[in-house]
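*Asks:* sequence first, predicted coordinates after that:
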Amino acid sequence: MILYILVALFLIYQTSVRGNTILVTLYAIDLNASAFYLSMIVATTSLFPMLFAAYAGRVSDRIGFRLPMTTGMLGTCIALLLPYLFPHHLFILLISQSLFGLCQIFTIVTMQNLIGALSTKENRSYYFSTFSLGVAISNFLGPLITGLSIDHLHFNQTYLLLAVISIIPGLFFLFRWIKIPNPIMHKERQQSNFIKLLIDPSLRKTFITSGIILTGVGIYEFYFPIYAKSINLSASMIGIIISCNAIAYILSRLCMNPLLKKFKGEAILGGCLSISAIAFFMIPLFENPFLLIVISFVMGLGLGCCQPLSIVMAYSHSPQGRTGEVLGIRLTINKSVQFLVPIIFGSLGSLLGFFPIFWSNAALLLFSGYSLFERKNKSSK
């Protein structure tokens, strides 16, 4: 029962997170942000997660889950309120996104660690697939609610709406309306360091694969709204297209457990990464919104299974007592790439269009999928 309550609470919180992703991009464009400034706003969102994701994991390992969850959700609410309280200022978006990224990473890593702590080896895939299903539903609701709100309430009021949504689950943790377990303490976790975890062979493969997967997700989340705006799609249509991507996430995660009974995890990952690569390649080739809905849906089918499988891989290979730290390192690698990509491709994209952004990511996903198939073939010989 507690699993479903936690998933429902995180679904509400993540709705505001996904809404912010599309909101900050469209708001910055509305304020006439240059390509460089827009890239800096996007990069700023990943700056503190890049620096503190592993630390956030260690915090949840050592002091428990409640305080990081409460602080992260309250901080997210404050970050979303800043553009509402100080409207029409681009520098406020930099401050808001910095705080947003910091608070978000504490919340996400802690929740993933908590879900893992509640699970056993036998039901871990089910727990994380259920958790990811809740995230997928929020990925549908966030862009849809935000797109409609922008068109009918404008940007400032949409920030207020998302701030209210983000604080609701935080109240459950703040006032202890939900009981959660304490972390299991392990003395041996003090004897290992960050570098040892990073270079561990089994974890290293997991980190690289997870980083590539989440980089693809991040690039789509931030750059597709920019591309859609450049071809004059409305905020509502952009929200609908991104929500169709989320519907595919839901369907793919409903099918994940049956697929795992027939195929190995690496084979599923390889196939899904290849499908996603094809979708990324096709995005900048089309401007028709209905074709973009189809492409977005196909991409969601591909990336939908990848995220829960990568979380399970990271958690299962973690040393006892350091699961949160490993999950944090996984996100550190992802955020590092997300921080660098906007800076590298932001100005380049304004000169060459969106082809280099989407196609370079397609190549990365395709290479990763091919590597997984190669690894599977070698292990079966």
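*Replies:* Yes, it's here. Everything numeric in this text was worked out from a predicted model, so none of it was measured. Residues are numbered from 1 along each chain as shown.

*Asks:* pLDDT weak spots in the stretch 101-250 of the chain?
*Replies:* 183-199, 201-202 (pLDDT under 70).

*Asks:* got the residue ranges for the helices in it?
*Replies:* 124-174, 194-199, 201-230, 235-254 (DSSP state H, counting those that start in this stretch).

*Asks:* nearest spatial neighbour of L301, skipping sequence neighbours?
*Replies:* Once flanking residues are discounted, L301 sits nearest to A248: 4.6 Å by Cβ to Cβ, 6 or more residues apart in numbering. The way it works is simple: take the backbone N, C-alpha and C, and place the C-beta from them, glycine included.

*Asks:* thought that neighbour was touching V294?
*Replies:* No: using Cβ atoms under 8 Å, A248 is not in contact with V294; the gap is 10.2 Å.

*Asks:* more neighbours, those two?
*Replies:* The neighbour count for A248 versus V294, taken as other Cβ atoms under 10 Å, is higher for A248 (23 against 15).

*Asks:* how near is the closest residue to N182 other than its chain neighbours to T110?
*Replies:* In space, and not counting its chain neighbours, N182 is closest to G64: 5.5 Å by Cβ to Cβ, 6+ apart. Taking Cβ to Cβ, to the nearest Å as the measure, G64 and T110 are separated by 9 Å.

*Asks:* just want to know which of these two has more residues nearby.
*Replies:* T110 (28 against 16).

*Asks:* in this structure that one contacts F65, no?
*Replies:* Yes: T110 lies in contact with F65 (Cβ under 8 Å); the separation is 5.4 Å.

*Asks:* hang on, the earlier thing: would CSV of the helices of the stretch 101-250 of the chain with distance to S34 be doable?
*Replies:* Below are those laid out as CSV (distance: least, Cβ to Cβ, whole Å):
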stretch, distance to S34
helix 124-174, 18
helix 194-199, 36
helix 201-230, 12
helix 235-254, 21
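
*Asks:* nearest to L331, out of the ones you listed?
*Replies:* Closest approach to L331 among the helices of the stretch 101-250 of the chain (Cβ to Cβ): helix 201-230, 7.4 Å.

*Asks:* buried ones in the closest one?
*Replies:* By neighbour count on 16 or more other Cβ atoms under 10 Å, the buried set for helix 201-230 is 203, 205-207, 209-229.

*Asks:* also stretch 245-261?
*Replies:* 245-250, 252-253, 256, 259-260.

*Asks:* can I get it in PDB, CA atoms only?
*Replies:* This file holds the C-alpha atoms of stretch 245-261, laid out as PDB (Å, rounded to 0.1, in the frame of the first residue of the first chain):
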ATOM      1  CA  ASN A 245       5.300  11.100 -25.700                       C
ATOM      2  CA  ALA A 246       4.300  10.500 -22.100                       C
ATOM      3  CA  ILE A 247       1.400   8.300 -23.100                       C
ATOM      4  CA  ALA A 248       3.900   6.100 -24.900                       C
ATOM      5  CA  TYR A 249       5.900   6.000 -21.700                       C
ATOM      6  CA  ILE A 250       2.900   4.700 -19.900                       C
ATOM      7  CA  LEU A 251       2.200   2.000 -22.400                       C
ATOM      8  CA  SER A 252       5.800   0.800 -22.600                       C
ATOM      9  CA  ARG A 253       6.100   0.500 -18.900                       C
ATOM     10  CA  LEU A 254       2.800  -1.500 -18.700                       C
ATOM     11  CA  CYS A 255       4.500  -3.900 -21.200                       C
ATOM     12  CA  MET A 256       7.900  -3.900 -19.400                       C
ATOM     13  CA  ASN A 257       7.200  -6.800 -17.000                       C
ATOM     14  CA  PRO A 258       5.800  -9.100 -19.800                       C
ATOM     15  CA  LEU A 259       8.900  -8.300 -22.000                       C
ATOM     16  CA  LEU A 260      11.300  -9.100 -19.100                       C
ATOM     17  CA  LYS A 261       9.800 -12.600 -18.900                       C
END
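
*Asks:* that concludes my questions; thank you for your assistance.
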